[in-house]
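Peer 1: give me a 3D structure for the following:
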Amino acid sequence: MEHTADISVVADDWSLLSAVRPIPDINFERLMTYRLARIREQLSLRSIPACVLISPISQRYAADIRRWPLFQAHVPMTYLYIAAEGPVINFGSADSTNPDGFSVIDEKRPARSLDYFSGGPRMQDDAVLFAAELKALLRETTDEKQIAVEYVNPSATQALMNAGLRVVDAQPLMEHARVVKSEDEIECMRWSIAVAEHGVAKIAEVLRPGVRENQLWGLLNYANLANDGDWHDTRLLSSGPRTNPWGQEASDRCIEAGDLVGFDTDMIGPFGYCCDLSRTLHCGPVAPTQAQRDLYKRSYDEILANTALLKAGRSFRELSEQGTVQPERFQRYSSLMHAVGLCDEYPRIPFWKDWNNKGYDGELEAGTVMCVESYLGEYGGCEGVKLEEQVLITTEGIEILTQYPFEDRLLA
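Peer 2: Purely as a prediction, here's the structure:
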């Protein structure tokens, strides 16, 4: 006798998006060459001869390495050495995984243990070997003794310093490298968004009283994996009273008639690119209340107003200062907007109220993709509304990349 789960997989006629629309034809050699050049440009601008990348996001960006990224995030099995003028060396067994087979990696070497799980008490000795190898690599291309390193444990940093190297943080240069997307990157992002919206459409289709939050979230996760996506940074889906305050992850709660159901995809999808889309749905068959409509419309108007502020050359301070201000009775989201690429990225624009504590200035660049955020729920209120759009900044204006429709019943 077949299990129900077996039957559901066999009967799946919806999840594979490529069955109904073509996957974009990505030129991976051009994509990866562009991304590596962006990193080297930042190294040169900062007069840093080389960097060591450990974050799985950075390794995916630099060399399309996709090996066990969530495990790599806490147990670093591999790391990349990138010279501003010199080789790209992969320490560890990972390699580029794109379907074209193109790689920017010039050489592979064994990796040292950079965490206690791998090295145990030998970790300190491995840190000394790690530092000596990097120092020798620097000597091959430069007399400079500075190196940028990201997400490494203190013993490795101390070993590098004891070896006479000046250690700087690699995260700023990587964030600035990733901020301007090529057209190939945008095509990757369009497909990731399409996959996410495909999953969202299934959520809306099956939404009814009695369905559990975890079941709805599972559909989005399933759609992502079925289309060769990666993971979700959060599990932000909540219903009814759990939509206020925002930030509660999917639970086993049964959704009831009349509930609002809000979610934020936070999806690292196909090609490694993020779809950061938020919507709030309404569960029938009862009609939305006037209070629900009013809250939704206020959040919708906030999204429209703040999206209209986006323009290449506009300062971060100007965006913050001109962003919408809601009455004090409303809880708001943690930021006005932020950039996105392989994950949430620099810059992050705070509300004007928070500028003195959280703000930093800069300018929007063409090729940046911004996520415009809104969450509204009254303090002590029973529900809240979460909405978010993903928007490309162009030389001519903006393009809203997320296409999933807003709720007509809540805007009526």
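Peer 1: pLDDT wise, what is the closest residue in space to residue 284 that isn't next to it in sequence at?
Peer 2: Distances taken as CB to CB, 6 or more residues apart in numbering put residue 257 closest to residue 284, at 6.8 Å, once the chain neighbours are dropped. All C-beta atoms are positioned from the backbone trio N, CA, C, and that covers glycine. Here, the pLDDT recorded for residue 257 equals 98.
Peer 1: per-residue pLDDT of the closest residue to residue 188 other than its chain neighbours, please?
Peer 2: Distances taken as CB to CB, 6+ apart place residue 271 nearest to residue 188, at 3.8 Å, with adjacent residues excluded. You'll see residue 271 listed with a pLDDT of 97.
Peer 1: can you name the residues in contact with the helix or strand harbouring residue 33?
Peer 2: For residue 33, the host element (DSSP states H and E) is helix 28-45. By CB atoms under 8 Å, 6 or more residues apart in numbering, the list of residues contacting helix 28-45 from outside reads 49-51, 61-64, 82, 84-85, 88, 96, 98-100, 102-104, 148, 173-174, 176-178, 180, 182, 184-185, 188.
Peer 1: am I right that the residue nearest to residue 188 sits in a helix?
Peer 2: Yes. Under DSSP: H, G, I helix; E, B strand; the rest coil, residue 271 falls within a helix.
Peer 1: for the remainder of this discussion, apply numbering that starts at 59.
Peer 2: Sure, I'll start counting at 59 from here, so that last one is residue 329.
Peer 1: tell me the contacts of the most centrally placed residue in the chain?
Peer 2: Central residue of the chain (CA atoms, centre = their mean): residue 401, 1.7 Å from the mean position. By CB under 8 Å, 6+ apart, the contact set of residue 401 is 115, 291, 326, 332.
Peer 1: hang on, residue 191 in a helix?
Peer 2: Yes. Assessed by three-state DSSP, residue 191 belongs to a helix.
Peer 1: count the residues that sit near it.
Peer 2: When neighbours are counted by other CB atoms under 10 Å, residue 191 registers 17.
Peer 1: do the one 4 residues further on as well
Peer 2: Residue 195 has 20 neighbours, counted by other CB under 10 Å.
Peer 1: now the one 5 residues further on
Peer 2: For residue 200, the count of nearby residues is 15 (other CB under 10 Å).
Peer 1: before we move on, what about the one 5 residues further on?
Peer 2: Residues within reach of residue 205, counting by other CB under 10 Å, total 23.
Peer 1: tell me the secondary structure for it?
Peer 2: strand.
Peer 1: ok, it touching residue 215?
Peer 2: No. Counting by CB atoms under 8 Å, residue 215 is not a contact partner of residue 205; they are 10.5 Å apart.
Peer 1: so what sits against both of the two?
Peer 2: Common neighbours of residue 205 and residue 215 (CB under 8 Å, 6+ apart) are residue 225.
Peer 1: are we agreed that residue 217 is in a helix?
Peer 2: Yes. If the criterion is three-state DSSP, then residue 217 is within a helix.
Peer 1: what number of residues lie near it?
Peer 2: Neighbours of residue 217 (other CB under 10 Å): 25.
Peer 1: quick revisit: quick one: buried ones out of the contacts of helix 86-103?
Peer 2: 107-109, 119-122, 140, 142, 146, 154, 156, 161-162, 206, 231-232, 234-236, 238, 240, 242-243, 246 (16 or more other CB atoms under 10 Å).
Peer 1: quick one: the helices in the stretch 309-458 of the chain?
Peer 2: 348-365, 374-380, 413-416 (DSSP state H, counting those that start in this stretch).
Peer 1: quick check: buried residues in the last one?
Peer 2: Pointing back at helix 413-416 there. residue 413.
Peer 1: and for the second one?
Peer 2: Of the residues in helix 374-380, those buried under the neighbour-count criterion (16+ other CB under 10 Å) are 374, 375, 376, 377, 378.
Peer 1: repeat that for the first one.
Peer 2: Within helix 348-365, the residues scored as buried using 16+ other CB under 10 Å are 350, 351, 353, 354, 356, 357, 358, 360, 361, 364.
Peer 1: which strand residues bridge the residue lying closest to the last one once chain neighbours are set aside?
Peer 2: It refers to residue 364. If the residues on either side of it in the chain are set aside, residue 364 comes closest to residue 430, at 5.0 Å by CB to CB, 6+ apart. Taking DSSP bridges as the rule, residue 430 bridges to residue 395, residue 447.
Peer 1: so which of the buried residues of helix 348-365 is the closest to residue 468?
Peer 2: residue 354 (3.9 Å; CB to CB).
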